[in-house]
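J.: coordinates only, no sequence provided:
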Ligand SMILES: Nc1ncnc2c1ncn2[C@@H]1O[C@H](COP(=O)(O)OP(=O)(O)OP(=O)(O)O)[C@@H](O)[C@H]1O
């Protein structure tokens, strides 16, 4: 009978086989152990922060990284402000896969320049921030698409050592400041895009308040009211009053309603969110949502509110549905906005206040109504002097007298002064051009 045990132990082929299996198994155990150890170490030593592309800070962080990337590359090349070891590592891990980010900058003289900046592309990159190494992992999930923007879903994950976790809040704060500084001295116009607000065009140079000439004391009155509102959040809070204020500017076309709101935003350092209520596809829910998520420090502007909601339109819900899907009660609910306790300043404009339903303009929805009419003699003289200089005060009075109470909008005055820009006397001599404009009539 064959002794099987001695066959296995004494047979050199079998014992070598067992040896190999043993080594293989040992290696597998070691490998698994090493992986587990690495996972454990990662969990214990590293900390991550994920920023999805639909979050507001995503663009801020990308913009900040692009600036940071340039610094890191320079630091790695020149070795400034970093240790020899850090320099070696930074050089070794410089981003190899870059993506371009194009931005436009409008200069004070109106010209626009284009900047190309390199931001870390998809994949992993490492950079140095205040002596801490940070890994940036930019990933795109092609399978997940944002339905509203049709853009693939992306995330940026920052990872660093646990002990350095404080850098995350520093990075976010710096990125936000950097983004805001880009728009310093400018007004950003936002329009609605699906359920969110997106900047529309380039940030505009602030319009000066003095450049919009309203009747005596009108501009100062609105500015004082808004400032009073902004500085009294606690007062509203203590009394449980919703912290919002609505303004309605009404009057004929070209009286400076929109221009004034732009200038006011510039004066306050606010941005403007423009919402067109007649926009196709706008629903009650979306309107409500948009008002709730308006960017901080912004004025919401609902222009030509009469075009969207007149009494007739309200009576005919059918007609309402032909334009946008917003119903009158939906608008009232959105204005009342129970969902948000944040500051909310809404400006509405109309050429026809008489067409508005009283429910829309009642206090709480519209707290301040201001009439901006055709140019008064005061405005006429002021505009004349703004165009030609205060030394022409006498000529300005003569011009105003010659207008003889004929209704001219401030926009029409501006047009007239532009035509006669080189000669104040010529503006006075040709005042008839204004009087004979279609629609001009004597207001006396
Ligand atoms: N009071 C004003 N002071 C200085 N410029 C003015 C004034 N009113 C109008 N303008 C000029 O006229 C043009 C049109 O003004 P704006 O769009 O602000 O008028 P509006 O009242 O909003 O008109 P609409 O009711 O048609 O929307 C702008 O170029 C603006 O600079």
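T.: Cool, the structure landed. Here the structure is a predicted model, which means the values were calculated and not measured.

J.: which residues touch whatever residue of the stretch 201-350 of the chain ends up closest to the ligand?
T.: Of all residues in the stretch 201-350 of the chain, residue 256 sits closest to the ligand, at 2.8 Å by Cβ to the nearest ligand atom. C-betas here are computed from N, CA, C, even on glycine. Contact partners of residue 256, counting by Cβ atoms under 8 Å, 6 or more residues apart in numbering, are 212-214, 372, 410-411.

J.: can you give me the mean pLDDT across stretch 390-407?
T.: For stretch 390-407, mean pLDDT rounds to 88.

J.: try stretch 39-48
T.: Per-residue scores along stretch 39-48 average to 76.

J.: can you point out the buried residues in it?
T.: residue 47 (16 or more other Cβ atoms under 10 Å).

J.: other residues contacting it?
T.: Against stretch 39-48 from outside (Cβ under 8 Å, 6+ apart): 157-162, 164-165, 168.

J.: the same query, at a cut-off of 7 Å, please.
T.: For stretch 39-48, contacts defined as Cβ atoms under 7 Å, 6 or more residues apart in numbering pick out 157-162, 165.

J.: residue contacts, the nearest residue to residue 266 once chain neighbours are set aside?
T.: Ranked by Cβ to Cβ, 6 or more residues apart in numbering and with sequence neighbours excluded, the top spatial neighbour of residue 266 is residue 206, at 3.2 Å. By Cβ under 7 Å, 6+ apart, the contact list for residue 206 reads 185-187, 266.

J.: and the chain, which residues reach the ligand?
T.: Contact residues, the chain versus the ligand (Cβ under 6 Å from any ligand atom): 212-214, 253-259, 351, 410-411, 414.

J.: and these as CSV, adding secondary structure, distance to residue 342 and pLDDT?
T.: Shown next, in CSV, are these (DSSP: H, G, I helix; E, B strand; the rest coil; distance: Cβ to Cβ, whole Å; pLDDT from 0 to 100):
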residue, secondary structure, distance to residue 342, pLDDT
212, coil, 28, 95
213, coil, 33, 95
214, coil, 29, 96
253, coil, 33, 93
254, coil, 34, 93
255, coil, 31, 94
256, coil, 29, 95
257, helix, 25, 96
258, helix, 24, 95
259, helix, 27, 95
351, coil, 30, 92
410, helix, 34, 93
411, helix, 34, 94
414, helix, 37, 94
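
J.: filter those residues down to the buried ones, PyMOL style.
T.: To isolate the buried members of the residues of the chain next to the ligand in PyMOL, using 16+ other Cβ under 10 Å:
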select buried, resi 212+213+214+254+255+256+257+258+259+351+410+411+414
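
J.: for the residues of the chain next to the ligand, which two are the farthest from each other?
T.: Greatest spatial distance in the residues of the chain next to the ligand: 213 and 351, 19.2 Å, computed using Cβ to Cβ.

J.: contacts for the helix or strand hosting residue 395, please.
T.: Secondary-structure assignment from DSSP states H and E places residue 395 in helix 393-403. Outside of helix 393-403, the residues within contact range by Cβ under 7 Å, 6+ apart are 377, 380-381, 384-385, 424-425, 427-428, 431, 434.

J.: repeat that for 10 Å
T.: 375-390, 392, 413, 416-417, 424-425, 427-432, 434-435, 440, 442-443 (Cβ atoms under 10 Å, 6 or more residues apart in numbering).

J.: put the buried members of these into a ChimeraX selection.
T.: Buried subset of the contacts of helix 393-403, written as a ChimeraX selection, criterion 16+ other Cβ under 10 Å:
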select :375,376,379,380,381,382,383,384,385,387,388,392,413,416,417,424,427,428,431,434,440
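
J.: give me the subset of the contacts of helix 393-403 lying in strands.
T.: Residues of the contacts of helix 393-403 located in strands (DSSP state E): none.

J.: quick one: the helices in the stretch 51-200 of the chain, in order.
T.: Along the stretch 51-200 of the chain, the segments classed as helices by DSSP state H, counting those that start in this stretch run 57-78, 84-92, 166-182.

J.: before we move on, back to that, turn the contacts of residue 256 into TSV, columns for distance to residue 293.
T.: Output for these, formatted as TSV (distance: Cβ to Cβ, whole Å):
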residue	distance to residue 293
212	29
213	35
214	32
372	30
410	35
411	33
